[in-house]
Each structure stands twice: as C-alpha cells, then as structure tokens.
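[1] Here is my input; please provide its structure:
(3 chains)
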Amino acid sequence: MQQHTDALILQVVAAVPAGRVASYGQIARLAGLGRAARRVAAALRRANSQPPPPWHRVLRSDGRLGLPVGSAGWHEQIQRLRSEGVAVIDGRVDLRQYLWSGGDGDQSDRDDLDSLLWRLQE
DNA sequence: AGCCCGGCTTTAT
DNA sequence: AATAAAGCCGGGC
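    Numbering: from 1, shown residues only, chains lettered A, B, ... in the order given. From the prediction side, this is the model:
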C-alpha cells in the first residue's frame, strides 16, 4: 500500500543529482502526490532501502533543513551536503543556486528528469 | 467517522 | 526578515 508510494518517492529522491537539492513539496509533485509534502518526509524517515536514498538533498521550501536544528541528523545532513559541494550557511542553503531544475540554472538536469518521469509514468 | 500528529507549504501579520 | 496561523495529505488509534 504505502509501500508503493514510498518506493515511488524514494525513486524520485534518488533522481536528485549530487550537488543539487530539492524541496519536499517538489518531490511530492514529481511523484504525482500533489501537496503531500509531509508524506515525503515520512517516507524518508522510514526509508530503509538498501542503498539508502540521498535524503540529505531534500530540504524545506525556504532552504532550511527539515530536521530539528542542532539535532544529530541536522548536523549529518549539513555535513553530507557540504561534502557534495553544497554551501550550507547558518543552517541554510541558497535555493536560487542549488535547487534542482527548479529555477533556470543549467538545464542539463532536465533530460534526466524527463526520462525519469516517463519511466514512472506507467 | 473523528482527532491528533508529522524531517511541509503558503499566506498573512 | 521573522513568526504565527491556516491548509494540505496520509497514517495510526
């Protein structure tokens, strides 16, 4: 049941390229879940898939992390992002610069996104 | 059915 | 720019 949607969510998250980030809401839409942003969060929290999904590339719509400030996960997420070259300043990421295919950066990601959506379409 | 609770989002102060 | 209040969508009880 939820298994299916969870898997779907994880696939979309897995499609976010390293060095880029996406918002919960964005993932939800791409997965065809409408505004179920919180559902995405739930899926990530419970995610126990074998190669763990790049959960750290998912942020809130304002560029701040979803996890409680100062928590272990919060620190870990920042560390992971930085190791991918994403600047985290004061617990925040500049979405205008790192958001995945949201604005108008390089469109090189676009192809990946489209092909992914087609594959998920069935 | 009804209520509460989330790694959220948007809108209004 | 920061905070508060209302939405939204599923899940668990």
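[2] what's the nearest residue to residue A:16 if we skip its chain neighbours?
    Once flanking residues are discounted, residue A:16 sits nearest to residue A:57: 4.5 Å by Cβ to Cβ, 6 or more residues apart in numbering. No exception for glycine: its C-beta is placed from N, CA and C like everyone else's.
[3] Kindly report the same for residue A:46.
    residue A:6 (7.0 Å).
[4] Touching, the one you found and residue A:48? I think so.
    No. The criterion here is Cβ atoms under 8 Å, and residue A:6 misses it with residue A:48 at 9.9 Å.
[5] buried sites along stretch A:77-87?
    For stretch A:77-87, a neighbour-count test (16 or more other Cβ atoms under 10 Å) marks A:77-78, A:80-81, A:86 as buried.
[6] So what's the gap between that stretch and the chain middle?
    Centroid separation for stretch A:77-87 versus its chain: 13 Å, with Cα atoms, centre = their mean, to the nearest Å.
[7] picking up where we left off before, just put the buried residues of stretch A:77-87 in JSON lines and tack on pLDDT, distance to DNA strand B and secondary structure.
    Below are the buried residues of stretch A:77-87 laid out as JSON lines (pLDDT from 0 to 100; distance: Cβ to the nearest atom of the strand, whole Å; DSSP: H, G, I helix; E, B strand; the rest coil):
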{"residue": "A:77", "pLDDT": "96", "distance to DNA strand B": "7", "secondary structure": "helix"}
{"residue": "A:78", "pLDDT": "96", "distance to DNA strand B": "12", "secondary structure": "helix"}
{"residue": "A:80", "pLDDT": "96", "distance to DNA strand B": "11", "secondary structure": "helix"}
{"residue": "A:81", "pLDDT": "96", "distance to DNA strand B": "11", "secondary structure": "helix"}
{"residue": "A:86", "pLDDT": "94", "distance to DNA strand B": "14", "secondary structure": "coil"}
